[in-house]
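# give me a model of this one.
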Amino acid sequence: MDKILRVNMSTGKTTTEPVPAPYAALGGRGLTSQVLLDEVPPDCEPLGPFNKLILAPGLLSGTSAPSSGRMSAGAKSPLTGGIKESNAGGIASQKIANLGYKAIIIEGKPAAGEQYLLKLTPGGVELLPAGDLAGKGGYETVALLKQRYGEKVGVVFVGPAGEMLMAGAGIGNNDPEGHAGRYAGRGGLGAVMGSKGLKAIVIDAPRTFDVPVKDKERFKTAAKKFADILHAHPVTGQALPAYGTNVLMNIINEAGTLPTRNFRRGRFDQANDVGGEKLAEACTARGGKATHACHPGCVMRCSNIFILPDGRSLGSLEYETAWGFGPNLEIADLDVIGELNYVCNDAGLDTIEAGCTLGVLMEAGVIPFGDGKAAVEALKEVGKGTPLGRIIGAGATFAGKVYGVTRIPSVKGQGIPAYDPRSCRGNGVTYATTPMGADHTAGYAVTANILKVGGDVCPITDEGQIELSRNLQIATAAVDATGLCLFVAFAVLDNPEGLPMIIEMLNAMYGLSLTADDVMALGRHILHTEKEFNTGAGFAKADDRLPEFFYNEELEPHQTRFALRDELDQVINF
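Purely as a prediction, here's the structure:
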């Protein structure tokens, strides 16, 4: 990965340039955030010509490192107004890396209404008209482009929600089987891609694991040891491969942390009906897959392929999606949840934000709680661009303002995911303080709060939560720079050889002599970069707080409230 591709949508010109020296040690989130700070005015209009969209493979992407095929998308978020990195699986990251690109920077803005396709091959780059793809959903877009350019191409795309510049729109990628359901969903980055007039990127790379490695034997040995560590851990080697991410449904419900009825309770009586065990049964019974790799080389295989009753293949149904369209709305039907997921994937909408938004609409009485049919019909309005569809597509905070709802589960304008902060307080600290807006993946304190991985921090008391979240945010930022899946953290936190093997792979690949301190310093650097951008965008301490109802209302069954306020200022002031 020795070059950066720059695409100017205002002029239609593409240029390839060498990687600047300061970017050599950066990848993934580390690179997207640094480019944003260096090149994008923090106070710019997110959908205007001065924002930029950066796609960056991780430092280990395109190699045989286990579970290293994640891709970071970065831009100023139209949802939060701050810096945003959104992370996705699929096959694009490894293909981009194997074409030698460390990053793709999309800048400028074409004339209104113009749509383009960016095609990358070993022979070069083409920016092509794509008016024939305008308005098409994610599934059709991927199918057409695979038919046109080959079954093995990677496709990065936006659906109608991105084209219509909806703040809840995500950026989709296809998985190894071609499903259009691997999303960099959070933060509205699909709207940024849509604002650039870029409907899709097609990546045609003949190789998957052939990025140059300086010491191949040393790398191979470290990668094998790291794979063994992942296989040996009960979460990454047993639970996730057997039941996928939705294995969490019953675990989080039992912990009294499953947000139910727009975050009014921590338990859902019918959680088992929409949990991982039931989902695995349904996947197998209908000819799908209960276990599946979202990108080549993943050894955890925590994804699935869910077939809807009429035979349509959804792709994967993940835990946060099953929660957002299930317990959060008091819907206990996997097929209804799957249909809502399908509509989101096709429209190109973040499922977490959509779930939170539908919860707000139910809070407002627009849709009854538990009414799956009404929820599906409302969500279909997004692809049509109707007034209701645009309200839903704009996210939970906007919908709450439209309907006069004050019970809005969001931070910095982004919907809160599937763990109630009153009974998983480490996650609450992360939601409040991460520069990314409410985002569980920025510092997944469920590890020590609920799963007792990497330690044991009581989830319903304040003690230790600041330190837990801070340390996880630092470590996660570093992991996001490598292209490794966040879930490797389960094994790394419990096995003292885990982090050294990641460092060994990096050192073998790049001819470096990094230490654990260097990796943690990278994580701190990334967080400081993101905080600096947000400060320039106008964010202040008051933005690092949870909605007031978490402080004022007790959560059943624990009868607990979130209590950390001024202490939150300590988290990334290090």
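# okay, strands next: where are they in the stretch 301-450 of the chain?
303-307, 313-315, 410-411, 414-415 (DSSP state E, counting those that start in this stretch).
# of all these, which one is nearest Met164?
strand 414-415 (19.1 Å; Cβ to Cβ). Placement of C-beta: from N, CA and C, glycine included.
# extract the C-alpha trace of stretch 233-249 and format it as CSV.
Taking Å, rounded to 0.1, in the frame of the first residue of the first chain, the C-alpha atoms of stretch 233-249 are listed here in CSV:
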residue,chain,number,x,y,z
HIS,A,233,-11.1,-18.3,23.3
PRO,A,234,-14.7,-19.2,24.3
VAL,A,235,-16.2,-16.1,22.7
THR,A,236,-14.2,-15.8,19.5
GLY,A,237,-13.8,-19.6,19.0
GLN,A,238,-17.1,-21.0,20.2
ALA,A,239,-20.0,-18.6,20.9
LEU,A,240,-19.6,-16.2,18.0
PRO,A,241,-19.0,-18.9,15.4
ALA,A,242,-22.0,-20.9,16.6
TYR,A,243,-24.6,-18.2,17.0
GLY,A,244,-23.1,-15.0,15.5
THR,A,245,-23.3,-11.6,17.1
ASN,A,246,-26.9,-12.2,18.1
VAL,A,247,-25.7,-14.6,20.7
LEU,A,248,-25.7,-11.5,22.8
MET,A,249,-29.5,-11.1,22.8
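# for it, list every residue counted as buried.
233, 235-237, 239-241, 243-249 (16 or more other Cβ atoms under 10 Å).
# redo those as JSON lines? Include pLDDT, distance to Arg422 and secondary structure.
Output for the buried residues of stretch 233-249, formatted as JSON lines (pLDDT from 0 to 100; distance: Cβ to Cβ, whole Å; DSSP: H, G, I helix; E, B strand; the rest coil):
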{"residue": "His233", "pLDDT": "96", "distance to Arg422": "29", "secondary structure": "coil"}
{"residue": "Val235", "pLDDT": "95", "distance to Arg422": "24", "secondary structure": "helix"}
{"residue": "Thr236", "pLDDT": "95", "distance to Arg422": "28", "secondary structure": "helix"}
{"residue": "Gly237", "pLDDT": "95", "distance to Arg422": "32", "secondary structure": "helix"}
{"residue": "Ala239", "pLDDT": "93", "distance to Arg422": "25", "secondary structure": "helix"}
{"residue": "Leu240", "pLDDT": "94", "distance to Arg422": "26", "secondary structure": "helix"}
{"residue": "Pro241", "pLDDT": "93", "distance to Arg422": "31", "secondary structure": "helix"}
{"residue": "Tyr243", "pLDDT": "93", "distance to Arg422": "26", "secondary structure": "helix"}
{"residue": "Gly244", "pLDDT": "92", "distance to Arg422": "27", "secondary structure": "coil"}
{"residue": "Thr245", "pLDDT": "95", "distance to Arg422": "23", "secondary structure": "helix"}
{"residue": "Asn246", "pLDDT": "96", "distance to Arg422": "23", "secondary structure": "helix"}
{"residue": "Val247", "pLDDT": "95", "distance to Arg422": "23", "secondary structure": "helix"}
{"residue": "Leu248", "pLDDT": "97", "distance to Arg422": "18", "secondary structure": "helix"}
{"residue": "Met249", "pLDDT": "98", "distance to Arg422": "19", "secondary structure": "helix"}
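# redo the residues you listed as a markdown table? Include distance to Val35.
Converted to a markdown table, the buried residues of stretch 233-249 look like this (distance: Cβ to Cβ, whole Å):
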| residue | distance to Val35 |
| --- | --- |
| His233 | 34 |
| Val235 | 33 |
| Thr236 | 31 |
| Gly237 | 36 |
| Ala239 | 37 |
| Leu240 | 32 |
| Pro241 | 35 |
| Tyr243 | 38 |
| Gly244 | 33 |
| Thr245 | 30 |
| Asn246 | 34 |
| Val247 | 36 |
| Leu248 | 33 |
| Met249 | 37 |
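# Thr221 is nearest to which of the strands of the stretch 301-450 of the chain?
strand 303-307 (27.9 Å).
# partner strands of that closest one, with direction?
strand 289-292 (antiparallel), strand 313-315 (antiparallel) (DSSP bridges).
# where does pLDDT dip in the protein?
Low-confidence regions of the chain, defined by pLDDT under 70, span residues 574.
# determine the longest helix present in it.
Using DSSP state H to assign secondary structure, the helix with the most residues in the chain is helix 516-536.
# any buried residues in the helix or strand Lys224 falls within, and which?
For Lys224, the element it lies in under DSSP states H and E is helix 216-232. Of all the residues in helix 216-232, those buried under the rule 16+ other Cβ under 10 Å are Phe219, Ala222, Ala223, Lys225, Phe226, Ala227, Asp228, Ile229, Leu230.
# cool, and stretch 279-295?
Leu279, Ala280, Ala282, Cys283, Gly288, Lys289, Ala290, Thr291, His292, Ala293, Cys294, His295.
# equivalent analysis for stretch 560-574, please.
Thr560, Phe562, Leu564, Leu568, Val571, Ile572.
# Lys380: neighbour count?
Neighbour count of Lys380, defined by other Cβ atoms under 10 Å: 18.
# which residues touch it?
Val343, Gly389 (Cβ atoms under 8 Å, 6 or more residues apart in numbering).
# now do the one 3 residues further on
If a contact means Cβ under 8 Å, 6+ apart, then Gly383 has Gly137, Gly159, Pro160, Ala161, Val343, Asp346, Ala347, Gly389 as its contacts.
# cutoff 7 Å now
Gly137, Pro160, Asp346, Ala347, Gly389 (Cβ atoms under 7 Å, 6 or more residues apart in numbering).
# burial check on the first one, number of neighbours?
Counted with other Cβ under 10 Å, the neighbours of Gly137 add up to 21.
# how close does it get to Asp346?
4 Å (Cβ to Cβ, to the nearest Å).
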